[in-house]
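**Q** Could you look at this predicted model? Sequence included:
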Amino acid sequence: MTSGDEDYHDKLESDHNRKKVKFEIYGEEMIKKIVNSSGNSGRVYLPPEWIGKKVKVVKC
């Protein structure tokens, strides 16, 4: 394993051990979705009315 792989593995372990925190968010609408795979990243489809709007994403 190369050093980069070890760093990535350590980050995954630290992410897994991270405690949850509470967020208080004000907004107009909320949608709960599952992230789909898209190449080397993830993708979430949102309504076309949301195009150009600010959104916040929280991993649960």
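**A** Perfect, I can see it now. Residues are numbered from 1 along each chain as shown.

**Q** Phi, psi for the residue lying closest to Asn36 once chain neighbours are set aside please.
**A** Spatial nearest neighbour of Asn36, chain neighbours left out: Arg43 (5.2 Å); criterion: CB to CB, 6 or more residues apart in numbering. Backbone N, C-alpha and C define where each C-beta goes, glycine included. Main-chain dihedrals, Arg43, degrees, to the nearest 10: phi -140, psi 140.

**Q** residue ranges with poor pLDDT in the chain?
**A** Within the chain, the stretches with pLDDT under 70 are 1-5, 9-16.

**Q** One more pass at 80, please.
**A** 1-18 (pLDDT under 80).

**Q** Walking through it, point out its helices one by one.
**A** Per DSSP state H, the chain carries helices over the ranges 3-17.

**Q** Report the central residue of it.
**A** Lys59 (4.7 Å; CA atoms, centre = their mean).

**Q** what's the distance between that residue and Val35?
**A** 9 Å (CB to CB, to the nearest Å).
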